[in-house]
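A.B. asks: Below are the sequence and a predicted model for it; my questions follow.
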Protein chains: 2
Amino acid sequence: MAARGITKSGSSPSGRASLGSSGGACAAVEYNSSEPPTSRETMGYVIGDASSNDTGDPRNRPGVTKTRAFVIGVGLVGGSIAMALRASGRYEVNGFDVNPVSLRRAVECGALDGAADSLGGAREADIVLVATPLLAMPQVFAELGRCLKDGDARRAQSLPVVTDVGSAKCYVLALAREHLAPVVPFVGGHPMAGSETSGVDHASPDMVRGCLYVLTPAEWTSEAAVRVVARACEAAGSIPSIMDPADHDAMVAATSHLPLIIAACLARVVEERSVGLPSIWDLAASGFRDTTRLASGDPEMGTGMLVANAARILDAMDDFQRKFDEVRALVAASADTSPASCVDMARRFLAEARASRQAWLERTRFPAI
Amino acid sequence: MAARGITKSGSSPSGRASLGSSGGACAAVEYNSSEPPTSRETMGYVIGDASSNDTGDPRNRPGVTKTRAFVIGVGLVGGSIAMALRASGRYEVNGFDVNPVSLRRAVECGALDGAADSLGGAREADIVLVATPLLAMPQVFAELGRCLKDGDARRAQSLPVVTDVGSAKCYVLALAREHLAPVVPFVGGHPMAGSETSGVDHASPDMVRGCLYVLTPAEWTSEAAVRVVARACEAAGSIPSIMDPADHDAMVAATSHLPLIIAACLARVVEERSVGLPSIWDLAASGFRDTTRLASGDPEMGTGMLVANAARILDAMDDFQRKFDEVRALVAASADTSPASCVDMARRFLAEARASRQAWLERTRFPAI
């Protein structure tokens, strides 16, 4: 890796990464302006980038010692991040996938410099990115733990930082705690980018560009290790931000996992109704298309979310149920009695909902592209 | 109106419009191919279009007697259809809006040839399009009924056909039955196009182009009157299709009204959660954006849907609730016990949901653009 001048503008007294998560607010994203932060302001660190004035195709730049990344699972997300890291010119990216076809495709389409035949390749890396579906992670972390086991202090100096891209951070943190030796630094990660497609053939080096990239460092992980992961996020064009894993999980339960569930339920309702009313397929238009888009996602990935973040999702489903019951009561009253009596309630509910969505449009610093 | 050669390729023995709605299937959309029908095949009629070989800006074509349309309510939908009719060169479009600013804007932006100062202008029209919010329709139909009241048989010959664009067809049909004299032909209508924007400033002559345009003729309406409305749909670039109003309402309850409700509930859930977790706005990305898009729609229009189609919406909400309960049970089991026991159930549910959405993508002949 190129030598970097690192100026730390703030840290916790312990020298550990500061989670900055009191009261659910994430200190790391409390920027001063309403604009998306630039990468140099991120996380309270200022990272001097010695290579920022270089020109030409960075992959061909001579004399730069590249950071060695190892990607486990080269699907849509793993493949996209691998491509972005390679495109930065500062990473040599090798990887492994249990599916040999995916692995070969990842090399062919330029996501990887080289393919490994096992997880053992992780030992030679500076940073290991676990980008498998959540459901595969117990096995991956168990195997990774065996690969990286080393009691020798000198050897520990060169152990890679492990990170992942799963959407349930407490779940993955528990796996890391269970399987990784305490000398192996771990920083959970979750790039806030997605697509209903899957597989490396849909990967793009721009997938995470401009996106928020949540980092949830384990309590045994040093700031130096967090910076290794944050720099990789930045190299991929995303904006790293440290959060508390439980807060993250509560938030994505509502913004990501609950939407998947209601999209799936809605798609099922309409198909069941099509049995007696086949014309329903022609009446479903852009509203149906958008509200159900997430239902077209990879079921394996969705299953991982439902299982790995179950407790938080239950909370979000209960919140949703309360709102749904409110609406049902007013629609039922409208059907039973004079519609006029419910007009004001319905109007107020929908006006509040519009204001809620408007609040998101105005307050998010990472507008969904 | 230009003289047209009309060849009727199929009709009911009574000479009334055939609803073709047995068993919920809509005969009018049972085309022979899986391609979207062309306008000339629509509804089982073949309509010879004498002007199809004309060239040049149709609005400037000399010697064509234009059909006189009168639009009541020149917002997003009324304004868009008005623009499309004018652009066809075959319609002179006047209109009225209770909001004088909207009415003036409609003339300024070319949606209307002229603005009327009351509904009385409807008397001079060949076709009257009621494009107000559903909630305003009781008053509009009452007033329209008074305007068009005429016991004189000769006068009845020149009464306009009345149509509307509301998304609850039984509700509007009941208003027409209550307020319009039996000599006034009525054909309910619902263009399957929408947007979360509102107002004539967002109107576009292309809004309904290529879209399915559902027609639900009243039982007292002649085929000739239905053809007047169908020709207007075609002139606006959409594909008219006759359906049973109750079937229509059951279908849109699931494809359009239920999605609005769940989008609104989801937007509220996330905003309430933002109180303790302000970073949630940054974590809500493209999945949240799409699943909640309908919540940004006009609350007045949404309220009209909830109230005017309440009984059908309740059915759809109950269907949704059953699916939601299924998912909740498996997420709860996953949170309480070993996640592994629920993986297969979750996987099956999500795979079915993906297949359901795929079925829509494959079977709809009117892909949402």
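C.D. replies: Looks like it came in fine.

A.B. asks: How is chain A partitioned into domains?
C.D. replies: Taking automatic domain parsing as the criterion, chain A consists of the domains A:6-243, A:249-363.

A.B. asks: Packed most tightly, which of the ones you listed would that be?
C.D. replies: When neighbours are counted by mean count of other Cβ atoms under 10 Å in any protein chain shown, the highest per-stretch mean among the domains of chain A falls to domain A:249-363, a mean of 22. For every residue, glycine as well, the C-beta is placed using N, CA and C.

A.B. asks: Find the residue ranges of the stretch 51-200 of chain A scoring beneath the pLDDT cut-off.
C.D. replies: A:51-64, A:150-157 (pLDDT under 70).

A.B. asks: OK, contacts around A:P299?
C.D. replies: By Cβ atoms under 8 Å, 6 or more residues apart in numbering or on different chains, A:P299 lies in contact with B:R347, B:L350, B:A351, B:A353, B:R354.

A.B. asks: how near is it to A:E326?
C.D. replies: Counting by Cβ to Cβ, to the nearest Å, the gap between A:P299 and A:E326 amounts to 31 Å.

A.B. asks: Equivalent analysis for A:K169, please.
C.D. replies: Taking Cβ to Cβ as the measure, A:K169 falls 31 Å from A:E326.

A.B. asks: cool, and A:K149?
C.D. replies: The gap separating A:K149 from A:E326 is 54 Å, by Cβ to Cβ.

A.B. asks: ok so, going back, got a markdown table for the contacts of A:P299, with distance to B:L294 too?
C.D. replies: Conversion of the contacts of A:P299 to a markdown table gives the following (distance: Cβ to Cβ, whole Å):
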| residue | distance to B:L294 |
| --- | --- |
| B:R347 | 28 |
| B:L350 | 22 |
| B:A351 | 26 |
| B:A353 | 19 |
| B:R354 | 21 |
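
A.B. asks: Contacting chain A as well, which ones from those?
C.D. replies: With Cβ under 8 Å from any Cβ of the partner chain as the criterion, the members of the contacts of A:P299 in contact with chain A are B:R347, B:L350, B:A351, B:A353, B:R354.

A.B. asks: Tell me which of those fall in helices.
C.D. replies: B:R347, B:L350, B:A351, B:A353, B:R354 (DSSP state H).

A.B. asks: Can you lay out these as TSV showing distance to B:Q139 and pLDDT?
C.D. replies: TSV is the format used below for these (distance: Cβ to Cβ, whole Å; pLDDT from 0 to 100):
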residue	distance to B:Q139	pLDDT
B:R347	52	92
B:L350	47	93
B:A351	49	93
B:A353	42	93
B:R354	45	93
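
A.B. asks: which one of the residues you listed is nearest B:I280?
C.D. replies: For B:I280, the nearest member of these is B:L350. The distance, counting by Cβ to Cβ, is 23.9 Å.

A.B. asks: what pLDDT does the closest residue to that closest one other than its chain neighbours get?
C.D. replies: Take B:L350 and drop its neighbours on the chain: the residue closest to it by Cβ to Cβ, 6 or more residues apart in numbering or on different chains is A:P299, 3.8 Å away. A:P299 carries a pLDDT score of 92 in this model.

A.B. asks: now swap in A:S286 and tell me
C.D. replies: 86.

A.B. asks: ditto for A:S34
C.D. replies: We have a pLDDT of 38 for A:S34.

A.B. asks: Then A:N309?
C.D. replies: In the predicted model, A:N309 carries a pLDDT score of 96.

A.B. asks: Surely it is in contact with A:M251?
C.D. replies: No. Under the contact definition of Cβ atoms under 8 Å, A:N309 does not touch A:M251, with a separation of 10.6 Å.

A.B. asks: before we move on, what SS does A:L175 have?
C.D. replies: A:L175 carries the three-state label helix when classified by DSSP: H, G, I helix; E, B strand; the rest coil.

A.B. asks: who's in contact with the residue lying closest to it once chain neighbours are set aside?
C.D. replies: Leaving out its chain neighbours, the residue that sits closest to A:L175 by Cβ to Cβ, 6+ apart is A:F141, at 4.2 Å. Contact partners of A:F141, counting by Cβ under 8 Å, 6+ apart, are A:V130, A:V172, A:L175, A:A176, A:E178, A:H179, A:L180.

A.B. asks: tell me which of those residues is nearest to chain B?
C.D. replies: Taking Cβ to the nearest Cβ as the measure, A:L175 is the one of the contacts of A:F141 closest to chain B, at 12.0 Å.

A.B. asks: hang on, that closest one packs against A:M137?
C.D. replies: Yes. The pair A:L175 and A:M137 qualifies as a contact (Cβ under 8 Å) at a distance of 5.6 Å.
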